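Novice: here is a sequence together with a model predicted from it:
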Amino acid sequence: MTPVFIISAPSGSGKSTLVNAIRTNVDRLEFSVSYTTRMPRGSEENGREYYYTSREVFERMIERGEFLEYADVFGNYYGTAKRFLQDATGRGHDLLLDIDVQGAGQIQKNLPDAVSIFILPPNRQELEKRLRRRSSAERMTDEAVIQRRLETATREIEKYEEYDYILVNDQLSDSIDALKAIILSERLKAEGRKPSRSDEEQMTKLAESRRLENVRPILGPILESFRRATA
């Protein structure tokens, strides 16, 4: 069966940067470009970041049952088309899904063997800095939008326990290495193989260190930085 990887993160956590890096580092890995009804931002292109469509077209796709998952986020639809999984399976490739926590829950119900990965910022303060930098770059400095994204991040982060792996995206290079290790070690399992070389053993060890149960002891300060802000 084609391994399916779910990656979720609060807006501004660096998920897109990680996904773009891993797509150039791992072979036989296909990326599912989501459909959305929101307008393109900055230099985004149709078919690269998203497939941009109208609300009417998206809702017709819902009626025809064309989505693995979909969700309404900030007033816009986002969804993953079933055809991407079908195409990846036909080519014998793994599938990487970049989706929010709402969509991840739907995928986990429909594909219980999917491997789920949650990206966390090192703390709320760093997330706010990243959001402000990104908003400035996109020329969208509306304070209400930034605060709404921070509030949404606080709610999403509380869902971390629903994921198999947790990556705290503090140092980008470390996060890329860990994400690659997770994908390749899970691929070994899907192929029914155990690590047989030293590099595979090291890769598996790195991946296991990011499992939820192994990361849990360091999550307290991160979670508390968000909870304090809403207290």
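Specialist: Looks like it arrived, so ask away.
Novice: can you map out the strands along the protein?
Specialist: Taking DSSP state E, the strands of the chain run over residues 4-8, 29-32, 35-36, 51-52, 67-73, 76-81, 94-98, 115-120, 165-168.
Novice: chain center to the last one, what's the gap?
Specialist: With CA atoms, centre = their mean, to the nearest Å as the basis, the distance from the averaged C-alpha position of strand 165-168 to the chain average is 11 Å.
Novice: and that strand, what other elements does it pack with?
Specialist: Contact here means 3 or more CB pairs under 8 Å, 6 or more residues apart in numbering; DSSP states H and E; on that basis strand 165-168 packs against strand 115-120, helix 172-190, helix 212-215. C-beta: built from backbone N, CA, C; applies to glycine.
Novice: please repeat the previous calculation with a cut-off of 6 Å.
Specialist: strand 115-120, helix 172-190 (3 or more CB pairs under 6 Å, 6 or more residues apart in numbering; DSSP states H and E).
Novice: and these, which is most packed in?
Specialist: Of all these, strand 115-120 has the most neighbours on average by mean count of other CB atoms under 10 Å, namely a mean of 24.
Novice: so how far is residue 213 from residue 145?
Specialist: 36 Å (CB to CB, to the nearest Å).
Novice: what about those two, which has more around it?
Specialist: Set residue 145 next to residue 213 and count neighbours by other CB atoms under 10 Å: residue 145 wins out with 14 against 9.
Novice: lowest-confidence helix or strand of this protein?
Specialist: When the helices and strands of the chain are scored by mean pLDDT, DSSP states H and E, helix 124-137 comes last with a mean of 84.
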